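Chemist: show me how the following folds:
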Amino acid sequence: MSYEILYKKAFIKVEDKNLPETYYIPMVLMGSNNCYEPVYRNGRTYDIPEKHWNTFSYTKDRVFHNQILFTRDEITELAVRTSTPSEYGDLFHKTRNTQFKQKELFRWFDNGVKTAQSIEWYISKGNVCKFTVSKWNDNGRESLVDEYITTTGRLVELAKQYQSNPDTKTYVQVSFSGRELNLPKKVRKSSIKEKIENPYVIKIGEDYYFNKLTKYGYRYSYYANGAKYFRSRAIAERYMENSLKHRIYVTKHPLLKIIQLQGSY
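Modeler: The predicted model follows:
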């Protein structure tokens, strides 16, 4: 059975003085489960699953055929139509073996709007965007428009001129070149260590700083920047009482003490 896989999304936000409101272009990295493309690596040719970035406007009734600019409400309608199972219960897939659940796919589109960026932002990250119009006839595929896009203004001009063409043999698309976009790496909030001014630490003897408890004891550091920090002496004292009280050999250490460091850690 043939089906489409929606791998990733990168919606484009379109804000222009010539538009009455903010529009969005639902860009999706997608491909058929039955189609492959050859790549040459290490002296050999391999077939890998096809993936291509296109404007996603596919519905069973083709109501958004060749549409490029979508209002927020139209994105919602597109999500509803896309997340409605066919008469066979089929939905788009998120992996080769896993279908999107109906509510999951709806949230996927909604999140695309929330994370949308301007075309200038994508270009500034080193990505390449094209606006194309092609038509199929008896002689094959004829290219009518094939233009690189770098500004919102030009994107709006082309979209207004060519989008929503009802001809079923004509295809209007915005696309990104390549299989993967250049995007800044996401930094998890949990990985960002907040600095504390003049923190308190637990010092063991004259040379060691308490770092953390382990399954069989505790870990220490020779340096202050490897210590466990506390915002106040009271918090440090509570930690010693509540967390270290079962480690008798630690709490009864004759040189165990709380000190305050100077500076940001």
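Chemist: the residue lying closest to Tyr239 once chain neighbours are set aside and Glu241: what is the separation?
Modeler: With C-beta to C-beta, 6 or more residues apart in numbering as the criterion, Tyr239 has its nearest non-adjacent residue at 6.6 Å, and that residue is Phe230. (Each C-beta comes from the backbone N, C-alpha and C, glycine too.) Applying C-beta to C-beta, to the nearest Å, the value for Phe230 to Glu241 is 13 Å.
Chemist: look at these two and report which has more neighbours.
Modeler: The residue with more neighbours, out of Phe230 and Glu241 and counting by other C-beta atoms under 10 Å, is Phe230; that gives 20 against 10.
Chemist: follow-up on the earlier one: quick one: contacts for the residue nearest to Tyr239?
Modeler: With contacts defined as C-beta atoms under 8 Å, 6 or more residues apart in numbering, Phe230 is in contact with Pro199, Tyr200, Val201, Ala236, Tyr239.
Chemist: need those residues in JSON lines (columns: distance to Thr214 and pLDDT).
Modeler: What follows is these, written out as JSON lines (distance: C-beta to C-beta, whole Å; pLDDT from 0 to 100):
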{"residue": "Pro199", "distance to Thr214": "21", "pLDDT": "93"}
{"residue": "Tyr200", "distance to Thr214": "21", "pLDDT": "94"}
{"residue": "Val201", "distance to Thr214": "18", "pLDDT": "92"}
{"residue": "Ala236", "distance to Thr214": "19", "pLDDT": "91"}
{"residue": "Tyr239", "distance to Thr214": "15", "pLDDT": "89"}
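Chemist: quick one: which of these is nearest to Gln262?
Modeler: Closest to Gln262 out of those is Pro199 (9.6 Å), distances taken as C-beta to C-beta.
Chemist: neighbours of the closest residue to the closest one other than its chain neighbours, just the number please.
Modeler: Of all residues not flanking Pro199 in the chain, Tyr229 sits nearest, at 3.8 Å (C-beta to C-beta, 6+ apart). Taking other C-beta under 10 Å as the neighbour definition, Tyr229 ends up with a count of 20.
Chemist: so what's Tyr229 up against?
Modeler: Contacts were defined as C-beta under 8 Å, 6+ apart; by that measure Tyr229 touches Ile196, Pro199, Tyr200, Val201, Leu261, Tyr265.
Chemist: just the buried residues of these.
Modeler: Pro199, Tyr200, Val201, Leu261, Tyr265 (16 or more other C-beta atoms under 10 Å).
Chemist: who's in contact with the last one?
Modeler: Yep, that's Tyr265 we're talking about. Contacts were defined as C-beta under 8 Å, 6+ apart; by that measure Tyr265 touches Lys195, Ile196, Pro199, Ala224, Asn225, Ala227, Tyr229.
Chemist: please consider this matter closed, and thank you.
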